[in-house]
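*Asks:* 3D, please:
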Amino acid sequence: MRETETVPIQDDATTAGRTPLARPLSLSDYPESDGKPMAETPIHWHATVDAALLLQGFYRDRADVYVGSDMMMYYRAGDIRACVSPDIFVAIGVPKLPERRVWRTWVEGKLADFVLEITSFGTRRVDEGTKKELYAELGVREYWQFDPEGDYLDPMLQGRRLGSDGKYRKLALERRNGVLCHGTMLGLELRLEGDQLRFFDPRRGGYLLTAREGEEALRGTEEALRAAEAENAELRRRLRQHGE
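*Replies:* Residues are numbered from 1 along each chain as shown. Model prediction:
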């Protein structure tokens, strides 16, 4: 949800009014944060965290996929003003480890393949303008936006795919059984169920579950097993009585 960042360089020469000497920047020169909150509201925060954790879980066994969230991503070596911070991004063909403090495209070889912004009325100009143009320029193959409060997007989920001409084309969502959906380059479907964004895995035939949903599913399974065991015990008791 953040805008493209502008971070001034401060050094002794600058503060003294002299022209600073050019020097190569080290990793520690690239700020890890701009000090701004991660999301505008708890609704946007939950949507961001849920999506990031679901994708991290989906790729947990892939050492060549990096899933990031709210990370400062620099795309021009030596220029700490040239950076952007997507809500969620996936970079394929990039080592998962070691963990990074910041992302540098000239080190990683790319910005990302997939970006999802949890957008809002307050960030619409940047998400629809600056970021869209930047992501296309940097070769982000798919750019998705989810507007959890329906501030301005209709439908609340919208996606774009990069064409051979380097421009984004909107993806037309399909309606199936009352649910809007579309496949992504990740091999997952993004589905809009009411005002909820869901990730569906066609290969497994099921949704990626949040930790909360996973716990609820586990409880449901345990309750079903207990009910089945009780039913079997009752059946065995009746059979014994019948045998007597």
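*Asks:* show me what the nearest residue to Leu157 once chain neighbours are set aside is bridged to.
*Replies:* Nearest non-adjacent residue to Leu157, counting by CB to CB, 6 or more residues apart in numbering: Leu192, 4.4 Å away. C-betas here are computed from N, CA, C, even on glycine. Counting by DSSP bridges, Leu192 forms beta bridges with Leu180, Leu197.
*Asks:* how many other residues sit next to Leu192?
*Replies:* By other CB atoms under 10 Å, 19 other residues sit near Leu192.
*Asks:* pretty sure it sits against Gly159.
*Replies:* No. Look at Leu192 against Gly159 with CB atoms under 8 Å: they stay out of range, at 10.8 Å.
*Asks:* list residues touching both of these two?
*Replies:* Shared contacts of Leu192 and Gly159, defined by CB atoms under 8 Å, 6 or more residues apart in numbering, comprise Leu173.
*Asks:* before we move on, back to that, quick one, what contacts the residue nearest to Leu157?
*Replies:* Pro155, Met156, Leu157, Leu173, Val179, Leu180, Cys181, Arg198.
*Asks:* what sits against the last one?
*Replies:* Yep, that's Arg198 we're talking about. Shown here is Arg198, whose contacts under the criterion CB under 8 Å, 6+ apart are Leu190, Arg191, Leu192, Tyr207, Leu208.
*Asks:* closest one to Leu138 out of these, please.
*Replies:* In terms of CB to CB, no member of the contacts of Arg198 lies closer to Leu138 than Leu190, at 21.4 Å.
*Asks:* where does that closest one land in three-state SS?
*Replies:* Put simply, Leu190 is strand when judged by DSSP: H, G, I helix; E, B strand; the rest coil.
*Asks:* number of nearby residues for Asp201?
*Replies:* Count around Asp201 with other CB under 10 Å applied: 14.
*Asks:* so where's this protein shaky on pLDDT?
*Replies:* 1-23, 35-39, 214-235, 237-239, 243-244 (pLDDT under 70).
*Asks:* which residues in it form strands?
*Replies:* Per DSSP state E, the chain carries strands over the ranges 65-68, 73-74, 83-84, 88-92, 103-104, 114-118, 142-146, 157-162, 168-170, 174-176, 179-183, 189-193, 196-201, 206-207.
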